[in-house]
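Enquirer: Predicted structure and sequence below. I'll ask about it afterward.
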Amino acid sequence: MRIAASTRDVIDARRGACRRGVSAPNAMRLNENTLLDGEDVVLVPYTAEHVPRYHRWMASPDLQKLTASEPLTLEQEYDMQRSWRQDDDKCTFIILDKHAWADPASREEDCMVGDVNIFLTDPQEPSLAELEIMIAEPGYRGRGLGKEVTRMMMCYGVAKLGIRKFQAKIGLDNIISIAMFKKFHFQELSVSEVFREITLEMTVDDDVRTTLLGTLTEEEYESSRDGRRAGRRAVSETVPVSQHQD
């Protein structure tokens, strides 16, 4: 991993953008007001509200190793969030614990579990995308959330972005992630000893497409967030009713 010399370089190094750099005008900003509702998770756009906790996650040496990342300052993390929100070649969602998020009294930041990204990777093949998933909270690993998020993002990529082929680049030491993607019938494409990573690939055929489509619930994120805020205000303003006294 190269040592970045500037904020932009650090940001690019964090997510491997040096190997991407593909632009698809407007296509990847479709999710800026999109909420994807699953069984145990909710996927929401990455906003400034999420940055402090995300920054704490990425201070972990273990996560830095698993994601081939370098530590950023909090200011650089905010720069990265703005960059992701504005870029046309990536689609980022924050993963929330749906059951915690259902409580209007809970802050969205406190419901964060990880993140998931789709990147366009090849200007000659716009229907090819790289998929990245990170379950950052240790207590949520091994509970099947990665599988649910993978299925949701593949469905979103096929239905909304026209993706026909997915790739996943995973560190060779990340055995759990490799096994999970193989359960989705991703096949080994290549192994890089230099970057210590394996590239897995899956083509979306008619059977896969039929299985994926129709399994996703999509809502407007801003409307849902406004509703939660109203619910929080209602909870905070509730005054216990005293017992009737004769």
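Expert: Nice, thanks for sending it over.
Enquirer: Test my guess that Val51 contacts Asp79.
Expert: No: counting by Cβ atoms under 8 Å, Val51 stays clear of Asp79, with 9.8 Å between them. Any C-beta I mention is one placed from the backbone N, CA and C, and that applies to glycine too.
Enquirer: you'd agree Leu72 is in a helix?
Expert: No: checked against DSSP: H, G, I helix; E, B strand; the rest coil, Leu72 lies outside a helix; its state is coil.
Enquirer: and it, how many residues sit next to it?
Expert: By the measure other Cβ atoms under 10 Å, the count of residues near Leu72 is 21.
Enquirer: That one contacts His55, correct?
Expert: Yes: assessed by Cβ under 8 Å, Leu72 is found in contact with His55 at 7.2 Å.
Enquirer: Tell me what the nearest residue to Thr217 once chain neighbours are set aside is bridged to.
Expert: Nearest residue to Thr217 in three dimensions, chain neighbours excluded: Asp37, at 4.2 Å (Cβ to Cβ, 6 or more residues apart in numbering). On the basis of DSSP bridges, Asp37 is bridged to Val42, Thr217.
Enquirer: got the contact list for Asp37?
Expert: By Cβ atoms under 8 Å, 6 or more residues apart in numbering, the contact list for Asp37 reads 98, 217-219.
Enquirer: now those residues: which count as buried?
Expert: Lys98 (16 or more other Cβ atoms under 10 Å).
Enquirer: In the contacts of Asp37, find the pair that's most separated.
Expert: Lys98 and Glu218 (14.5 Å; Cβ to Cβ).
Enquirer: For the nearest residue to Thr215 once chain neighbours are set aside, give me its contacts.
Expert: Spatial nearest neighbour of Thr215, excluding adjacent residues (Cβ to Cβ, 6+ apart): Cys155 at 5.7 Å. Residues in contact with Cys155 (Cβ under 8 Å, 6+ apart) are 212-213, 215-216.
Enquirer: Just the buried residues of the strand or helix carrying Arg151, please?
Expert: In the assignment (DSSP states H and E), Arg151 maps to helix 145-161. Residues of helix 145-161 classed as buried by neighbour count (16+ other Cβ under 10 Å): 145-146, 148-161.
Enquirer: Likewise for stretch 47-58?
Expert: For stretch 47-58, burial by neighbour count (16+ other Cβ under 10 Å) applies to 50-51, 53-55, 57-58.
Enquirer: quick check, nearest of the contacts of Asp37 to Leu189?
Expert: Glu218 (30.3 Å).
Enquirer: How much space separates that closest one from Leu161?
Expert: Remark: distance between Glu218 and Leu161 (Cβ to Cβ, to the nearest Å) = 13 Å.
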